[in-house]
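below is the structure, and that's it, no one-letter string:
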C-alpha cells in the first residue's frame with residue numbers, strides 16, 4: 001500500500017526551521033495590484049464526502065433505563081439502523097420502523113412491538129415480556145415467561161429460557177408492508193411455531209403454543225391516545241394482519257389438505273391473499289405458507305408428472321405456496337382456481353387421495369431449501 005504523504009528531505013526540513021511565515025506577491029500588469037500567493041485566508045477549506053454525512057447520535061438508536069413510560073420510534077426514524085433496548089421496566093415500547101438488528105437486554109414486565117428486522121432479534125435476561133415481533137432470526141437466552149406473536153423467516157431458537165409461549169404474528173399499521181420489503185422479509189415465510197430449544201430439560205417443556213383464539217390486544221395494548229404514537233393507525237384484527245394467520249404446528253382439524261401454488265406474476269401476493277380470504281370464508285384453515293425459488297430439477301422432483309408444464313414459469317421468480325385444510329378442501333380449491341384465478345398460472349392438488357403427498361413433497365423441499 002502506498003503512503004499518503006511522501007517523506008520530506010532533510011534539506012527542506014532544515015530550511016523550514018526558525019522561519020517566519022512570509023507572503024509572496026506577484027506583480028500584475030498594473031503594478032499597484034499585487035496578488036498574494038500562499039496564506040490566502042479567503043480560500044474555502046476542502047470538503048470530503050465523510051464531512052457531509054449526517055452525524056448520528058447513538059442515543060437515537062437506544063432505549064435505556066426507562067420505567068413506567070410509553071416510548072419507541074415512529075416510522076422513518078430508524079430506516080434500517082441497529083437498535084438497542086435495555087434495562088427497561090413496566091414500559092410499553094413501540095418500534096414502528098424497519099431495522100437491521102435489535103437486542104433487548106435485562107427488561108422486566110414490558111409490552112413490546114417491533115417492526116420488521118432484517119437480521120436478528122435477541123432477547124437476553126428478560127422476564128415477563130409480551131411482544132409482537134417480525135424478523136429474519138429470533139433468539140432468546142436466559143429469559144423467563146415470554147408471550148410472543150411472531151413472524152420469523154428461520155427457525156426460532158430459545159436457550160436457557162423457560163415459560164416461553166408463541167403465537168402467529170397478527171398486526172397492521174399503514175407502513176408495515178413497505179417495512180417488510182425494506183427488511184427483505186416475505187410475509188409468507190413464517191416459522192413461528194417451529195421452535196428449537198437448545199437446552200431442553202427431560203420431562204419438562206420450556207415452550208408451548210398460545211391458545212388458538214389468543215388476541216394480541218389481550219397481551220399488548222395499542223399506544224396510549226395521548227402518546228406520540230397516536231397518529232399511527234394500528235389494527236390487531238387477524239383479517240387485516242400483513243402476515244397471514246396460520247395454524248402452524250397445531251393439530252389439524254381434518255386429514256384432508258390441499259396444496260395451492262401461485263407462480264410468479266405481477267399480482268402474486270394479492271392473489272394469495274385473495275385465496276386465503278376465499279377459503280377461510282368457507283370454513284377451511286390455512287396451515288402454512290412459503291415463498292421460495294425453484295430450479296427445473298426442483299420442479300420435476302416436487303410436481304413430478306405435472307412438471308413439464310411448470311418448468312418455464314419458475315424462471316419468472318419465486319413461487320408462493322399454501323397448505324389449506326378441511327373436509328372437501330381439494331374440491332373447493334379446484335373450483336376457486338377455475339372461477340377466480342382462471343387467468344393466473346397456479347398448481348392445485350388434483351384429488352384428496354394424493355393431496356397430502358403433494359403437501360409433504362413441496363414443504364419438505366421448501367424447508368430444505370431454506371435450511372430449516
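Ah, there it is. Only a predicted model underlies this, so the values are computations on that prediction, with no experimental measurement involved.

what does stretch 70-80 contact?
By C-beta atoms under 8 Å, 6 or more residues apart in numbering, the residues outside stretch 70-80 that reach it are 60-61, 63, 83, 91-100, 113, 115, 118, 173, 175, 179, 182-183, 223-224, 227-229, 231-232. Where you see a C-beta, it was placed from the backbone N, CA and C, and this is true even at glycine.

burial measure for residue 309, as a count.
Applying other C-beta atoms under 10 Å, we find 12 residues neighbouring residue 309.

with residue 247 instead?
Residues lying near residue 247 (other C-beta under 10 Å) number 18.

where's it relative to residue 253, distance?
The span separating residue 247 from residue 253 equals 8 Å under the rule C-beta to C-beta, to the nearest Å.

got it, and residue 65?
Separation of residue 65 from residue 253 (C-beta to C-beta) stands at 47 Å.

do the same with residue 358
Relative to residue 253, residue 358 is positioned 19 Å away (C-beta to C-beta).

residue 245 too?
Computed with C-beta to C-beta, the distance linking residue 245 and residue 253 is 15 Å.

okay, those two: which has more neighbours?
Comparing residue 245 with residue 253 by other C-beta under 10 Å, the one with more neighbours is residue 245, at 18 against 14.

related to what we said a few turns ago, and for residue 247 and residue 253, which residues touch both?
Residues touching both residue 247 and residue 253 by C-beta under 8 Å, 6+ apart: 285, 325.

just the ones of the contacts of stretch 70-80 in strands?
Among the contacts of stretch 70-80, the members found in strands (DSSP state E) are 63, 83, 92-95, 113, 115, 118.

please dump the residues you listed into CSV; it should also carry distance to residue 328 and pLDDT for every row.
Formatted as CSV, those follow (distance: C-beta to C-beta, whole Å; pLDDT from 0 to 100):
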residue, distance to residue 328, pLDDT
63, 50, 98
83, 47, 98
92, 44, 98
93, 45, 98
94, 42, 98
95, 43, 98
113, 38, 98
115, 39, 98
118, 41, 98
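
name the nearest of those relative to residue 336.
residue 115 (32.8 Å; C-beta to C-beta).

quick revisit: just the buried ones from the contacts of stretch 70-80?
Among those, those classed as buried by 16 or more other C-beta atoms under 10 Å are 61, 63, 83, 91-100, 113, 115, 118, 173, 175, 179, 182-183, 223, 227, 229, 232.

surely residue 190 touches residue 246?
Yes - with contact defined as C-beta atoms under 8 Å, residue 190 counts as touching residue 246 (6.5 Å).

tell me, what's touching the two both at once?
168, 289.

and residue 197, what is it in contact with?
Listed by C-beta under 8 Å, 6+ apart, the contact partners of residue 197 are 157-159, 206-207.

sitting in strands, which of those do you find?
Among the contacts of residue 197, the members falling in strands (DSSP E) are 157-159, 207.

neighbour-wise, which one of these leads?
residue 158 (24 neighbours).

give me the local confidence score for the residue nearest to that residue when sequence neighbours are not counted.
Using C-beta to C-beta, 6 or more residues apart in numbering and skipping residues adjacent in sequence, the residue nearest residue 158 is residue 140, 4.8 Å away. Looking at residue 140, its pLDDT stands at 98.

same question for the one 3 residues further on.
Confidence at residue 143, expressed as pLDDT, is 98.

for the residue nearest to it when sequence neighbours are not counted, what are its contacts?
Leaving aside its chain neighbours, residue 143 sits nearest to residue 161 (4.2 Å; criterion: C-beta to C-beta, 6+ apart). The neighbours of residue 161, taking C-beta under 8 Å, 6+ apart as the test, are 140-144, 146, 199, 206-207.

just the buried ones from these?
For the contacts of residue 161, buried by 16+ other C-beta under 10 Å: 140-144, 146, 206-207.

the nearest residue to residue 119 once chain neighbours are set aside and residue 322: what is the separation?
Spatially, and ignoring its direct neighbours in sequence, residue 119 is nearest to residue 101 (4.3 Å; C-beta to C-beta, 6+ apart). Separation of residue 101 from residue 322 (C-beta to C-beta): 30 Å.

could you do residue 71 as well?
Separation of residue 71 from residue 322 (C-beta to C-beta) stands at 38 Å.

who has more neighbours, the two?
Remark: of residue 71 and residue 322, residue 322 carries more neighbours, 24 against 17, as counted by other C-beta under 10 Å.

great, nothing more from me.
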